[in-house]
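# Pasting the sequence and the predicted coordinates here, then a few questions.
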Amino acid sequence: MDVKSDVHILSNSCPECNGKVIPIEEKGEIVCCQCGLVINERILDIAHSGKRAFTKQEKAKRERTGSPISILLPDMGLSTVIDKSSIKSPDLKRAAKWNSRMTWDKRNMLIATTELKRIASNLNLPSHVKKAAIKLYIRAFKKKLLRGRSINGMVAACLYFCCRERKIPRTLQEILEETSISAKNVRRCYRTLIRELNLKAPCTDPISLIPRFIAELGLDTEAEKITIKILKAYTSNFSISGKDPKGLCAGSLYLVCKVKNKKTSQKEIANLIGVTEVTLRSRYKEIIKKLNIKI
């Protein structure tokens, strides 16, 4: 806006017809009441500041509209709670009592969102993974896949699928450690999601797990580069379907430790990654054989 129009706004006159200018607070605009010209728009709302209120009009101006709508809140955060303390009519008290009784659908979503946010916060998962997981859970709930299955188990399965789909380096074992549900139950829920919702099960990239394991083992960046190079050569030339990505990580890390003469035992690597020593040795021998690596 030019200086001329700014002067007209300060003088409460229209720059076109010199008519009276009125502010529209709902839209954040300043409009001429005579010709309808929009003189200014997107004005900052300074009336709803955090200043103190003394009169009834000032208190009304300080009213807020509440927190933003989020899918991670039950009922999208739009549910209403009736305050019972100021009710005197018996009919309204009866209505408030019935309003406090949640249906099974709402109770189910409340339990699921609480458990999902707890696991996600413990694993430091980003918000887009949490939103995708709750959307997947809602799809499963609407298709009645929760019958005879645990809510916590289905939540863990949804989180694990979204982590794999978005290539977040979190394994199933890490999610199981944050829940009280057995691994068999979670795997059963995961297979049900894949089958009933026609989802394509994504493969976990073992390369995405390497930086975390390298840091926990205390190895340097050179060891990380060599490990990633070995895994890239293996995954680009051979199929990894049906193989645990953690096993490939364990075998490649043990190979790098032997090449760099790092005194790290098989048991230490296997316990850190979460695989058995037999799996580590099998993947280690397989990588050496297929890539023709001489030690």
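Looks like it came in fine. Residues are numbered from 1 along each chain as shown.
# Only C-alpha atoms from now on, for both contacts and neighbour counts.
Will do.
# So residue 87: helix, strand or coil?
When the structure is split into helix, strand and coil by DSSP: H, G, I helix; E, B strand; the rest coil, residue 87 lands in coil.
# Identify the residues contacting stretch 267-283?
If you take C-alpha atoms under 8 Å, 6 or more residues apart in numbering as the criterion, stretch 267-283 is touched by 173, 213, 216-217, 246-248, 250-254, 266.
# Quick check on the residues you listed: which are buried?
The neighbour-count test (16 or more other C-alpha atoms under 10 Å) marks 213, 246, 247, 248, 250, 251, 252, 253, 254, 266 as buried among the contacts of stretch 267-283.
# In a helix, residue 194, correct?
Yes. Residue assignment for residue 194, taken from three-state DSSP, places it within a helix.
# Counting neighbours, what do you get for it?
Look at residue 194: counted by other C-alpha atoms under 10 Å, it has 13 neighbours.
# Can you give me the distance of it to residue 216?
When C-alpha to C-alpha, to the nearest Å is the yardstick, residue 194 and residue 216 sit 33 Å from each other.
# For residue 149, what are phi and psi?
The phi and psi values for residue 149, taken as degrees, to the nearest 10, are phi -130, psi 160.
# Quick check: closest non-adjacent residue to it.
In space, not counting the residues next to it along the chain, residue 149 is nearest to residue 189; the distance is 7.5 Å by C-alpha to C-alpha, 6 or more residues apart in numbering.
# looking at it, the one you found is touching residue 160, isn't it?
No. With contacts defined as C-alpha atoms under 8 Å, residue 189 does not count as touching residue 160, sitting 10.7 Å away.
# re earlier: mind checking which of the contacts of stretch 267-283 are in strands?
With strands taken from DSSP state E, there is no overlap with the contacts of stretch 267-283.
# Adding distance to residue 240 and pLDDT, write those out as a markdown table.
Compiled in a markdown table, those are given as follows (distance: C-alpha to C-alpha, whole Å; pLDDT from 0 to 100):
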| residue | distance to residue 240 | pLDDT |
| --- | --- | --- |
| 173 | 19 | 86 |
| 213 | 20 | 88 |
| 216 | 25 | 85 |
| 217 | 24 | 85 |
| 246 | 11 | 87 |
| 247 | 11 | 88 |
| 248 | 9 | 90 |
| 250 | 14 | 90 |
| 251 | 13 | 90 |
| 252 | 14 | 91 |
| 253 | 17 | 91 |
| 254 | 18 | 90 |
| 266 | 22 | 88 |
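# between these, which is closest to residue 91?
Minimum separation from residue 91 among the contacts of stretch 267-283 (C-alpha to C-alpha) is found for residue 173, which lies at 52.8 Å.
# Now do the same contact list for that closest one.
With C-alpha under 8 Å, 6+ apart, residue 173 has these contacts: residue 274.
# Check the gap between it and residue 160 for me.
Counting by C-alpha to C-alpha, the gap from residue 173 to residue 160 is 10 Å.
# Which parts of this protein are helices?
Counting by DSSP state H, one finds helices in the chain at the ranges 3-10, 56-61, 90-99, 104-123, 127-142, 151-165, 172-177, 183-196, 210-217, 221-237, 245-259, 266-273, 277-291.
# what's the closest of these to residue 16?
Closest approach to residue 16 among these is made by helix 3-10 (9.4 Å; C-alpha to C-alpha).
# quick one: residue 24 and residue 59, what's the gap?
According to C-alpha to C-alpha, residue 24 stands 20 Å off from residue 59.
# what's the answer for residue 42, then?
Residue 42 is 24 Å from residue 59, by C-alpha to C-alpha.
# Over to residue 238?
The span separating residue 238 from residue 59 equals 69 Å under the rule C-alpha to C-alpha.
# pretty sure residue 167 is in contact with residue 209, am I right?
No. Taking C-alpha under 8 Å as the contact criterion, residue 167 and residue 209 are not neighbours in contact, 9.6 Å apart.
# Comparing those two, which shows the higher neighbour count?
Applying other C-alpha under 10 Å to residue 167 and residue 209 shows that residue 209 carries more neighbours, namely 20 against 16.
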